[in-house]
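Enquirer: following is a predicted model, sequence given first.
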Amino acid sequence: MSLQLYESLEAIPQAPAEGRVVAIGVFDGVHRGHQRILREAVESAGRLPGAMAAAVTFRPHPEAVLRPQPAPRMLTSLKRKADLMEGLGIEELLVVKFDRAFAQLSPAQFCRLVLSERLGARLVLVGENFRFGHLGVGTPVELRDYGRDHGFDVRTVSLAQEDGQVISSTRIRNLIHAGQVAEAGHLLGRPHRIEGVVVAGAGRGKTLHAPTANLAVETETAVPHQGVYVTRSVVDGGETRPSVTSVGTNPTFEADKKIRIETLLLDFKGDLYGRHLALDFLERIRSQQVYPDADALARRIAQDVEVARGYLAHLEEGR
């Protein structure tokens, strides 16, 4: 059964007679910690005949409303989040609009409007650091008390850890911001992905014998730190190609300091303009550098390609 996405509280159907098992969270990144909660929701629904496995998330990120300067960069688009949840077995994803009015709801109002009246929750799963209601005063304890009075159980899921630290979206964002994409991918459980549409660039790549695809992404996307990376590129959701990606200001030729995302797909010939491209970041090759001329840059790009081929060959051997 494919996941059903509902982008407002009013859009989701009233609860089936058998009710729903509901996992609640922002779930940005759907990282290994989130996966623990979502898998438990799916397994629990499987033990309750007829119950639906549902997830509730929020858009925009609550921090963007409550503390907007600076708003957190997002690890996953809504579509990506839905796809990842579907892969885990979630059947319904409800996206609740998080605005000032919603943020004013008391914990009891949140539970009544969302969990009881609309979703018909039988079991609710949250992380142990979950907070809800006005000013975040609601805790899993209050949630459990409310559920006891209104017919649903609450289960608190312990936070996943790695190297003695909690796996969190903030931790992963910090790694990505520092260019540590391999470490971020380990915590995510898969490579960090950014995606968008290929747009026209300066056309300089052809003269360097390295024609690149220039990617336009949403401004709130968590983009890795400036540098050159080994990536895998997914074209229009299907064909996957090994690639090398540069994130930076192109200081050898440009002076405008604009961040550009340029990808060289290895052994690829064809026109990518206007097509959707997703980039999975595997490893950082080097930092951004300035070269004296185009020839020097072309030689460095050729070296980057060989490094990427060696890294990808090593991955294949490991499999």
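Expert: Okay, I see it. Residues are numbered from 1 along each chain as shown.

Enquirer: mind listing what Ser246 touches?
Expert: Thr212, Gly227, Val228, Tyr229, Arg260, Ile261, Glu262, Thr263, Gln288 (Cβ atoms under 8 Å, 6 or more residues apart in numbering). (Each C-beta comes from the backbone N, C-alpha and C, glycine too.)

Enquirer: burial check on Asp145, number of neighbours?
Expert: Asp145: 15 surrounding residues under other Cβ atoms under 10 Å.

Enquirer: could you say which helix or strand holds it?
Expert: helix 140-150 (DSSP states H and E).

Enquirer: just the CA coordinates of that helix, formatted as CSV?
Expert: Output of helix 140-150 as CSV, limited to C-alpha atoms (Å, rounded to 0.1, in the frame of the first residue of the first chain):
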residue,chain,number,x,y,z
PRO,A,140,5.4,12.9,27.2
VAL,A,141,4.1,12.7,30.8
GLU,A,142,1.3,15.1,30.1
LEU,A,143,0.6,13.3,26.8
ARG,A,144,0.3,10.0,28.6
ASP,A,145,-2.0,11.5,31.2
TYR,A,146,-4.3,12.9,28.5
GLY,A,147,-4.3,9.6,26.6
ARG,A,148,-5.3,7.7,29.7
ASP,A,149,-8.4,10.0,30.0
HIS,A,150,-9.2,9.8,26.3
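
Enquirer: contacts for the very next helix or strand once past it next, please.
Expert: Under the assignment DSSP H and E, the closest C-terminal helix or strand after helix 140-150 is strand 153-157. Outside strand 153-157, the residues within contact range by Cβ under 8 Å, 6+ apart are 36-37, 40, 44, 122-128, 130, 140, 143-144, 147.

Enquirer: name the member of those residues with the most neighbours.
Expert: Val124 leads these on contacts (other Cβ under 10 Å) with 28 neighbours.

Enquirer: pLDDT weak spots in the stretch 1-150 of the chain?
Expert: For the stretch 1-150 of the chain, the stretches with pLDDT under 70 are 1.

Enquirer: just for the stretch 201-319 of the chain, where's the confidence low?
Expert: Along the stretch 201-319 of the chain, the model assigns pLDDT under 70 to residues 201-210, 250-257, 319.

Enquirer: now stretch 117-129 - C-alpha only, PDB.
Expert: Extracted C-alpha coordinates of stretch 117-129, given in PDB (Å, rounded to 0.1, in the frame of the first residue of the first chain):
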ATOM      1  CA  GLU A 117     -11.000  14.100  17.200                       C
ATOM      2  CA  ARG A 118      -9.200  13.900  13.900                       C
ATOM      3  CA  LEU A 119      -6.900  10.900  14.000                       C
ATOM      4  CA  GLY A 120      -8.700   8.600  16.500                       C
ATOM      5  CA  ALA A 121      -5.400   7.600  17.900                       C
ATOM      6  CA  ARG A 122      -5.100   4.300  19.700                       C
ATOM      7  CA  LEU A 123      -1.400   4.500  20.300                       C
ATOM      8  CA  VAL A 124       0.900   7.600  20.100                       C
ATOM      9  CA  LEU A 125       4.700   7.300  19.800                       C
ATOM     10  CA  VAL A 126       7.100  10.100  20.500                       C
ATOM     11  CA  GLY A 127      10.700  10.600  21.300                       C
ATOM     12  CA  GLU A 128      11.700  11.200  24.900                       C
ATOM     13  CA  ASN A 129      12.500  14.800  24.200                       C
END
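
Enquirer: who's in contact with it?
Expert: 9, 12, 14-16, 18-25, 33, 37, 40-41, 44, 48, 51, 54, 56, 94, 115, 140, 143, 147, 151-159.

Enquirer: now the buried members of these.
Expert: Neighbour counting with 16 or more other Cβ atoms under 10 Å marks 9, 12, 15, 19-25, 33, 37, 40-41, 44, 51, 54, 56, 94, 115, 140, 143, 147, 152, 154-157 as buried within the contacts of stretch 117-129.
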